[in-house]
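Asker: The sequence isn't on hand, but the structure is:
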């Protein structure tokens with residue numbers, strides 16, 4: 001009968017009524033299960049839609065303005081457009097002899113020539129270079145570049161988070177290479193030390209210009225070039241009979257290079273570039289999560305194995321919950337920046353690098369912080385500071401060697417202290433950026449010792465385990481002078 005209460009049959013044949021609430025609970029469970037499933041499907045669809053369609057919104061112009069504020073252009077600077085035009089005027093690109101002698105390496109051929117063995121005028125590439133150096137086109141282009149670097153300019157900051165060799169940097173490196181060759185021609189072939197040292201100054205300024213607004217990668221490349229030309233200047237100092245106004249040379253170098261960038265400037269730029277990098281990999285509007293696909297693209301650009309292997313898919317972003325959010329990534333990056341801000345000397349940079357290695361950033365942290373192993377990236381910034389300090393120390397040491405040689409030529413003896421060089425031979429005392437004290441110096445029976453206390457921060461009296469590599473971490477001190485055993489102090 002319709003409406004009758006359903007009956008259940010027991011084992012003894014008796015009939016009992018089914019409880020009505022059990023049937024209702026079953027229906028409610030089914031309904032709740034369906035609602036939860038649809039809610040989860042809806043949430044996942046929304047989650048997947050955002051991960052596939054939303055993209056990061058970086059602010060490179062904003063951070064470029066921050067970098068410009070940290071390192072403004074020099075007073076009276078020429079425009080970056082005019083500087084680019086001067087750098088683009090490269091006479092070797094149209095010289096038939098150079099094109100024939102340097103097939104395929106016209107851009108940087110001069111650099112290979114500069115590092116060759118000796119200045120052999122019988123070699124076809126050397127003859128082609130000498131012919132090109134004597135042309136009015138090269139002399140005019142070099143003079144324009146010399147006036148430009150003395151005035152200075154400010155390139156637009158390169159805000160790409162990964163190192164890429166842009167066209168302007170190729171021009172910088174090409175000019176530095178050919179000027180290094182021109183230096184050798186003037187010094188080794190013509191004996192024109194004044195023009196040779198002018199070439200050195202132009203190279204040092206170009207290195208500084210190229211790394212002012214660019215990535216740590218460029219800073220390290222240019223520091224390497226600056227170190228090579230500094231070594232060339234040391235070779236010039238060791239040639240008998242060389243005489244130069246060392247006080248005027250140091251003033252010129254100081255004027256052209258300016259004071260060493262402050263730690264605040266260097267780390268501030270690194271901080272801005274870190275934020276640019278994070279903003280290119282994190283979706284901040286409508287979410288706060290890592291764009292794994294974009295991160296993989298950055299990692300592939302950096303040459304890491306992660307991110308290689310074919311086409312990258314937006315579906316990779318479904319794994320974003322495995323990674324840190326933007327705020328956590330920034331906080332971890334800021335921890336590294338705090339350590340770097342304490343590295344105001346070579347000793348401090350070494351300590352910061354060790355502390356960075358102890359931060360414990362793992363692979364997931366690294367991808368979230370900088371696109372690949374985070375501790376390596378921040379250690380690279382520490383390496384930039386190490387290179388900056390060691391190169392400027394070497395440059396001051398080189399100028400001091402010139403001054404000591406000039407002092408000896410005039411007085412037939414070396415000074416008792418470096419103070420005796422100021423102001424006639426040097427306008428100021430040379431700086432040891434290991435601790436920002438004057439370079440260490442003492443007279444010896446054979447001549448003199450000029451050295452830095454090096455990376456260990458201890459004055460070991462000029463002891464050096466590896467003289468050919470003064471900045472090796474296992475060294476005691478970084479010694480710049482030979483012991484001049486062929487000379488006797490008088």
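Answerer: It's in. Being a predicted model, the structure only gives us computed values, none of them experimental.

Asker: Does residue 172 touch residue 210 like I think?
Answerer: Yes. Residue 172 lies in contact with residue 210 (C-beta atoms under 8 Å); the separation is 4.1 Å. Bear in mind the C-beta positions are built from the backbone N, C-alpha and C, glycine included.

Asker: ok, residue 348 - contacts?
Answerer: residue 342 (C-beta atoms under 8 Å, 6 or more residues apart in numbering).

Asker: Where does it sit, in terms of helix or strand?
Answerer: Using DSSP states H and E, residue 348 sits in helix 346-357.

Asker: Which positions within that helix qualify as buried?
Answerer: 346-353, 355-356 (16 or more other C-beta atoms under 10 Å).

Asker: try stretch 428-440
Answerer: 429-435, 438-440.

Asker: Also stretch 288-298?
Answerer: For stretch 288-298, by 16+ other C-beta under 10 Å, it's 289-298.

Asker: Now flag whichever of the buried residues of stretch 428-440 is closest to residue 403.
Answerer: For the buried residues of stretch 428-440, the minimum distance to residue 403 (C-beta to C-beta) is 8.6 Å, reached by residue 430.

Asker: before we move on, the earlier item: biggest separation within the buried residues of stretch 428-440, which pair?
Answerer: Pairwise distances across these peak at 14.6 Å for 429 and 434 (criterion: C-beta to C-beta).

Asker: Can you show me the strands along the protein?
Answerer: Secondary structure of the chain, counting by DSSP state E: strands at 7-9, 15-17, 282-283, 289-290, 431-432, 437-438, 440-443, 448-452, 478-479.

Asker: Show the average pLDDT along the third one.
Answerer: Pointing back at strand 282-283 there. Per-residue pLDDT over strand 282-283 has a mean of 90.

Asker: Also the first one?
Answerer: Strand 7-9 shows a mean pLDDT of 54 in the predicted model.

Asker: likewise the fourth one?
Answerer: Averaged across strand 289-290, pLDDT comes to 88.

Asker: so where is the stretch 1-150 of the chain shaky, pLDDT-wise?
Answerer: For the stretch 1-150 of the chain, the stretches with pLDDT under 70 are 1-20, 103-119.

Asker: What ranges does it have for its helices?
Answerer: Taking DSSP state H, counting those that start in this stretch as the criterion, the stretch 1-150 of the chain contains helices spanning 20-53, 60-70, 80-88, 96-101, 109-114, 124-133, 136-151.

Asker: which one of those has the most crowded surroundings?
Answerer: Ranked by mean neighbour count under mean count of other C-beta atoms under 10 Å, the helices of the stretch 1-150 of the chain are led by helix 109-114, which reaches a mean of 22.

Asker: got the strands of the chain as JSON lines, with distance to residue 463 columns?
Answerer: Listed next are those as JSON lines, based on distance: least, C-beta to C-beta, whole Å:
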{"stretch": "strand 7-9", "distance to residue 463": "100"}
{"stretch": "strand 15-17", "distance to residue 463": "102"}
{"stretch": "strand 282-283", "distance to residue 463": "50"}
{"stretch": "strand 289-290", "distance to residue 463": "50"}
{"stretch": "strand 431-432", "distance to residue 463": "16"}
{"stretch": "strand 437-438", "distance to residue 463": "18"}
{"stretch": "strand 440-443", "distance to residue 463": "11"}
{"stretch": "strand 448-452", "distance to residue 463": "9"}
{"stretch": "strand 478-479", "distance to residue 463": "8"}
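
Asker: Mind checking those for the one nearest to residue 255?
Answerer: Between the strands of the chain, strand 431-432 lies closest to residue 255; by C-beta to C-beta that is 16.3 Å.

Asker: Helices of the stretch 151-300 of the chain, start to end?
Answerer: According to DSSP H, counting those that start in this stretch, the helices that the stretch 151-300 of the chain contains are 167-184, 193-212, 216-237, 246-257, 263-279, 292-301.

Asker: quick check: mean pLDDT across the third one?
Answerer: Same thing as helix 216-237. If you average the pLDDT over helix 216-237, you get 57.

Asker: and if you look at the second one?
Answerer: Per-residue pLDDT over helix 193-212 has a mean of 79.

Asker: Please apply the same query to the fourth one.
Answerer: Mean per-residue pLDDT for helix 246-257: 80.

Asker: Compute the inter-axis angle for that helix and helix 136-151.
Answerer: Orientation check (axes from the mean of the first three to the mean of the last three C-alpha atoms, to 10 degrees): helix 246-257 against helix 136-151 gives 80 degrees.

Asker: Now do the helix holding residue 348 against strand 448-452, angle only.
Answerer: Using the same axes, to 10 degrees: helix 346-357 against strand 448-452 is 30 degrees.

Asker: Helix 346-357 to helix 263-279, inter-axis angle?
Answerer: Using the same axes, to 10 degrees: helix 346-357 against helix 263-279 is 20 degrees.

Asker: how far does helix 346-357 sit from the chain's center?
Answerer: Distance of helix 346-357 from the chain centroid (C-alpha atoms, centre = their mean, to the nearest Å) equals 16 Å.

Asker: Appreciated, that's everything.
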